[in-house]
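>>> I would like the atomic coordinates for the input below:
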Amino acid sequence: MKISSIRRIIVLLTALALLLSACNKTITRNGNGSADVETSINQQELQEAINAGIADPLIKDLTVSLQSGYIIVSGTRERLNDSSKTDTLSFRLDLGVDNGQLTASISNTQFDGFTVEQNRIAHWNTTIANRIEKLDKNRPNSALKSVVITPEAITMTWTVTK
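Predicted coordinates for the structure are as follows:
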């Protein structure tokens, strides 16, 4: 093998190692030819995904608090006809896995005495799950295996097949 070929291989392997370390991924090969890829989402990334999933320009100061096993989301919402008044919004968000896809389930919704319509909550569940999944799922032929929420991060494990 020529020295230039060896250098190219070393440069390629170094670049691959740097790329994988920057993405905070752990890859484990399985005996059947598939691989498990474990990735992490931090609080800031999650907050941006939830904000985009809710997609309500009247909601301001959205914050996300990671707990053991669930997430608390809170923020304020300007009133439609009077922007000088705001209401407090908060809810619990649980994440799960169904048939290889991420699921989101909002509960304990508090909105300054107002109820949030079930169709809006159902829409938020779908769009939030899609936004969070898009942060991590950039591989074809992959299925979500598990999701774990800790106060530090969300860890998702994907099984990738050929």
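
>>> Check the gap between the residue lying closest to residue 56 once chain neighbours are set aside and residue 156 for me.
In this structure, residue 56 finds its nearest non-sequential neighbour in residue 77, 7.0 Å apart by C-beta to C-beta, 6 or more residues apart in numbering. C-beta here means a position set from N, CA and C on the backbone, and glycine is covered the same way. In this view, residue 77 and residue 156 are 29 Å apart by C-beta to C-beta, to the nearest Å.

>>> Can you name every helix or strand that the longest strand anywhere in the chain contacts?
The longest strand of the chain (DSSP state E) is strand 82-98. Strand 82-98 is packed against strand 71-79, strand 101-111, helix 118-136, strand 142-149, with contacts defined by 3 or more C-beta pairs under 8 Å, 6 or more residues apart in numbering; DSSP states H and E.

>>> Can you give me the buried ones in the longest one?
Looking back up the chat, that one is helix 118-136. Using 16 or more other C-beta atoms under 10 Å as the test for burial, helix 118-136 gives 121, 124, 125, 127, 128, 129, 130, 131, 132, 133, 135, 136.

>>> Which of the helices and strands in the chain ranks last by mean pLDDT?
helix 3-22 (a mean of 48; mean pLDDT, DSSP states H and E).

>>> what angle do the next helix or strand after that helix and helix 118-136 make?
Next along the chain after helix 3-22, taking DSSP states H and E as the criterion, comes strand 25-29. Orientation of strand 25-29 against helix 118-136 (axes from the mean of the first three to the mean of the last three C-alpha atoms, to 10 degrees) gives an angle of 70 degrees.
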